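K.L.:
model this:
(2 chains)
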2 protein chains.
Amino acid sequence: MSVPRVAGFRFAGVRCGIKRRGPDLALLVSDRPAAAAGVFTRSTVPSAPVVLSRRRLRSGRARAIVANSGVSNVAMGAAGLRAAEQMSGLAARALGLPVREVLCASTGVIGMPLPLAKIEAGVLRALRALRADGLRDAARAIMTTDTHPKLAGTTFRVAGRRCAVAGIAKGSGMIEPRMATMLAFFATDAGVSPAHLRRLWREVADETLNRVSVDGETSTSDSAVILANGAAGAPPIGGPRGPGAAALREALLEVAGSLARALARDGEGATKLVTVEVAGARDDVEAERAARRIANSLLVKTALFGGDPNWGRILQTVGAGRVRLDLPRTEVRLCGVPVFRRGASTGAAARARAGRRMRAPEIEIGVRLGAGRGRCRIWTCDLSYEYVRVNAEYTT
Amino acid sequence: MSVPRVAGFRFAGVRCGIKRRGPDLALLVSDRPAAAAGVFTRSTVPSAPVVLSRRRLRSGRARAIVANSGVSNVAMGAAGLRAAEQMSGLAARALGLPVREVLCASTGVIGMPLPLAKIEAGVLRALRALRADGLRDAARAIMTTDTHPKLAGTTFRVAGRRCAVAGIAKGSGMIEPRMATMLAFFATDAGVSPAHLRRLWREVADETLNRVSVDGETSTSDSAVILANGAAGAPPIGGPRGPGAAALREALLEVAGSLARALARDGEGATKLVTVEVAGARDDVEAERAARRIANSLLVKTALFGGDPNWGRILQTVGAGRVRLDLPRTEVRLCGVPVFRRGASTGAAARARAGRRMRAPEIEIGVRLGAGRGRCRIWTCDLSYEYVRVNAEYTT
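P.N.:
Okay, here's the model as predicted:
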């Protein structure tokens, strides 16, 4: 996916020396006022940047995001909150913005103080590096154990005017002590009212970024933020019905969906991108429970790593989730091949065919429960020796 | 733990040829009427033996249990239920008992029919092999990927009369396609009313067998059954207050607790037995949620395998479970060493000390949340390369 320019935004990713190597400070700035919305971790131990950014987003407006990798800012009490305020204050002063319009994020080691002197030097360096085409640098600077930067973007039309949206994400990678964190930052030059942006962003995140699961964990720092600055000059979108509203929604779903799949594919130790599709559940809540059980089941994930068309493990974990199913109407498909249907295995030949297709880098698990009309899709990855190595052999 | 004789019971474990090798058919029989109680999987796809045994236990009475390993009887529809009825019928005829007093269980491959001819021959062989000291043979015959048979027992006094209880268990091991199943069968020669036995057994299972988690899965076949035949000649126990009631409860907790720990220690690929103790939660429900999150967290389990005193992962997974905690009052201990206290790390020296103690084969994780008086204890194991190997490399 090529990433278009987003008018009125500049980006930078520079090295400030927190990580052992590579860029570790990202800056994203709108050159004019922007509507802003965020979705954050539901953890009861949110990081200080999450607490601060969530509070600042109540206004529905923000102009900049400053983010570092290498050290998170979690479980540091009042000192952590002060450090987050200082970090965003440094960026605000450098950019000449009110501090309430600057959001921040941190990902990395927990239990260590933010190195503010390094961050100050990094912010000044980033200021000089800001460029309209700097998004890839920013994507690099928020990486931890990600194996590559993740960015995506697309264009769409609002009342005939060309608009663009681009986003970056990192995640399901960790560094010592390796708390997985998902960060995602989006910029669009469409004009959107803060109230609509908030609803829409929640909706989009729920269908995309919130549908990724590598290991069933929720980081204390998960943050997904979007800024919309109207620089494309199209009429602002104020609700779900007006001109361009559907196009904006489609574009966000496309970009966020693409990043969500990239996160799952790059999960720690992942060898396969796995799409779990559950249909026929009693309702969407049960469908989501079933899909998440399948996506997080160690038995299913190791079977996928082994290329084993094991419908037994899939049904077992769905059943264990107290999900209603009608066995004679239940069907399990692996890479499109039905392996369980009408209450029974479809036989060894089908299983062998599914097993062959499961050697591909992308695997689909399709489950119909025959109990209703609930549906859910989740992206995940398999569980390999490499996952155990990454998370066991590095010791703090 | 030495296992005492239980008066009026005989046991056998023989080979009938379902598994590739080793004994695979177990028989447990009381020589007189017995009260009986069971707790079973909460899966919405219970196995046929679970459906049948649960139904028969409504009477509160049973005399025998027949169990096989090698083939489970899951997802086979009406044919599966008929096969379970036939299997228990074969045992009932051989023993001269009404079929309604015979329970059954199966563990192993799913999606294959029970080989009833083999089971019939096995039942006749088991009949001849029944012995008062045959419990270890029975424990062997229900093993799947368990590395050793698990049995335990103890004695206690009821109104001055010596009584005994003994139990066997298998689990957290699987065979192709490796659905984990926990089976546990207990026999006591104390006399207990069916109504009291039912309540007591539920309570004991909730504090012991239901506190084991290897990989967060619930098998379709999980079954724990106790028979109480009164053959010790002590006055029957009809409620929680009478003579011997407390002693019986203690004895059951001891034996079931011992078997629960044995199951966790023998989890697939386990190198360590891990006890998770959560205190100070808002209530017991939140404490259990926190303890289960910790026990099932891939990040925590891989850190334990790596001997990494990683309090960050522990707090992160508790927070992700939407468990209330008061960070300044939260404490994390690893093998007795506080590594997080009053909202902060206790430093590198403490972490190193904890790391050294974590080389032992048994690890304790103690977490205080400072939010209330809820408590919970769970037994689990670490997650090793071997877990991935066992569950990925064997393909069906």
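
K.L.:
where are the low-confidence patches of chain A?
P.N.:
Across chain A, the ranges flagged by pLDDT under 70 are A:1, A:172-180, A:215-218, A:393-396.

K.L.:
tell me the centre residue of it?
P.N.:
residue A:209 (4.0 Å; C-alpha atoms, centre = their mean).

K.L.:
give me phi/psi at that one?
P.N.:
phi -60, psi -30 (degrees, to the nearest 10).

K.L.:
what's near enough to touch it?
P.N.:
A:39, A:169, A:182, A:184, A:224, A:256, A:259, A:260, A:263 (C-beta atoms under 8 Å, 6 or more residues apart in numbering or on different chains). The C-beta positions use only the backbone N, C-alpha and C, and glycine is treated the same way.

K.L.:
so which bits of the helix or strand containing the last one are buried?
P.N.:
Which is residue A:263. According to DSSP states H and E, residue A:263 maps onto helix A:245-265. Going by neighbour count (16 or more other C-beta atoms under 10 Å in any protein chain shown), the buried part of helix A:245-265 is A:245, A:247-249, A:251-265.

K.L.:
ranges for the helices of the stretch 101-250 of chain A?
P.N.:
A:116-129, A:135-141, A:194-207, A:245-265 (DSSP state H, counting those that start in this stretch).

K.L.:
returning to what we had before: got JSON lines for the contacts of residue A:209, with distance to chain B too?
P.N.:
Output for these, formatted as JSON lines (distance: C-beta to the nearest C-beta, whole Å):
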{"residue": "A:39", "distance to chain B": "15"}
{"residue": "A:169", "distance to chain B": "19"}
{"residue": "A:182", "distance to chain B": "12"}
{"residue": "A:184", "distance to chain B": "18"}
{"residue": "A:224", "distance to chain B": "16"}
{"residue": "A:256", "distance to chain B": "21"}
{"residue": "A:259", "distance to chain B": "21"}
{"residue": "A:260", "distance to chain B": "18"}
{"residue": "A:263", "distance to chain B": "16"}
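
K.L.:
can you list the residues you listed in JSON lines and add distance to residue A:331?
P.N.:
Shown next, in JSON lines, are the contacts of residue A:209 (distance: C-beta to C-beta, whole Å):
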{"residue": "A:39", "distance to residue A:331": "34"}
{"residue": "A:169", "distance to residue A:331": "33"}
{"residue": "A:182", "distance to residue A:331": "32"}
{"residue": "A:184", "distance to residue A:331": "34"}
{"residue": "A:224", "distance to residue A:331": "34"}
{"residue": "A:256", "distance to residue A:331": "29"}
{"residue": "A:259", "distance to residue A:331": "31"}
{"residue": "A:260", "distance to residue A:331": "26"}
{"residue": "A:263", "distance to residue A:331": "29"}
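
K.L.:
wait, isn't residue A:74 in contact with residue A:220?
P.N.:
Yes. Between residue A:74 and residue A:220 there is a contact under C-beta atoms under 8 Å: 4.8 Å.

K.L.:
what's the overlap in contacts for the two?
P.N.:
Joint contacts of residue A:74 and residue A:220 (C-beta under 8 Å, 6+ apart) are A:45, A:47, A:110, A:179, B:316.

K.L.:
which stretches in the stretch 151-300 of chain A count as strands?
P.N.:
Taking DSSP state E, counting those that start in this stretch to define them, one finds strands in the stretch 151-300 of chain A at A:161-170, A:183-188, A:212-213, A:223-228, A:273-281.

K.L.:
take these and lay them out in JSON lines including mean neighbour count.
P.N.:
Below are the strands of the stretch 151-300 of chain A laid out as JSON lines (neighbours: other C-beta atoms under 10 Å in any protein chain shown):
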{"stretch": "strand A:161-170", "mean neighbour count": "24"}
{"stretch": "strand A:183-188", "mean neighbour count": "28"}
{"stretch": "strand A:212-213", "mean neighbour count": "23"}
{"stretch": "strand A:223-228", "mean neighbour count": "28"}
{"stretch": "strand A:273-281", "mean neighbour count": "22"}
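
K.L.:
so the host helix or strand of residue A:318, near chain B or not?
P.N.:
Taking DSSP H and E as the criterion, residue A:318 maps to helix A:311-320. Yes. Using C-beta under 8 Å from any C-beta of the partner chain, helix A:311-320 comes into contact with chain B via A:311, A:312, A:313, A:315, A:316, A:317, A:318, A:319, A:320.

K.L.:
in contact with the fourth one, which residues?
P.N.:
Contacts here follow C-beta under 8 Å, 6+ apart; on that basis residue A:315 touches A:325, A:330, A:332, A:340, B:45, B:75, B:220.

K.L.:
what about it, distance to residue A:309?
P.N.:
13 Å (C-beta to C-beta, to the nearest Å).

K.L.:
what about residue A:328, neighbour count?
P.N.:
12 (other C-beta atoms under 10 Å in any protein chain shown).

K.L.:
tell me the contacts of it?
P.N.:
Shown in contact with residue A:328 (C-beta under 8 Å, 6+ apart): A:342, A:343, A:370, B:77.

K.L.:
kindly report the same for residue A:149.
P.N.:
Contacts of residue A:149 by C-beta under 8 Å, 6+ apart are A:136, A:139, A:140, A:143, A:168, A:170.

K.L.:
what's the answer for residue A:181, then?
P.N.:
A:72, A:107, A:144, A:170, A:171, A:174, A:219, A:220, A:221, A:222.

K.L.:
rerun at 6 Å
P.N.:
By C-beta atoms under 6 Å, 6 or more residues apart in numbering or on different chains, the contact list for residue A:181 reads A:107, A:219, A:221.

K.L.:
can you give me the neighbour number for residue A:343?
P.N.:
Neighbourhood size, residue A:343 [other C-beta under 10 Å]: 18.

K.L.:
wait, isn't it in contact with residue A:327?
P.N.:
Yes. In this structure residue A:343 lies within contact range of residue A:327 using C-beta atoms under 6 Å: 4.9 Å.

K.L.:
who touches both of these two?
P.N.:
Overlap of the contact sets of residue A:343 and residue A:327 (by C-beta under 6 Å, 6+ apart) is empty.

K.L.:
related to what we said a few turns ago, ok, the residue nearest to the centre of chain A to residue A:203 distance?
P.N.:
Applying C-beta to C-beta to residue A:209 and residue A:203 gives a distance of 11 Å.

K.L.:
kindly report the same for residue A:367.
P.N.:
Counting by C-beta to C-beta - residue A:367 and residue A:203 are separated by 24 Å.

K.L.:
of these two, which one has the most company?
P.N.:
residue A:367 (26 against 15).

K.L.:
is the more buried one in a bridge, and if so with what?
P.N.:
Note on residue A:367: beta-bridge partners by DSSP bridges are residue A:278, residue A:332.

K.L.:
wait, it sits on residue A:278?
P.N.:
Yes. If you go by C-beta under 6 Å, residue A:367 and residue A:278 touch, sitting 5.0 Å apart.

K.L.:
neighbours of residue A:283, how many?
P.N.:
Neighbours around residue A:283, by other C-beta under 10 Å: 14.

K.L.:
next up, phi/psi of it, please.
P.N.:
phi -150, psi 180.
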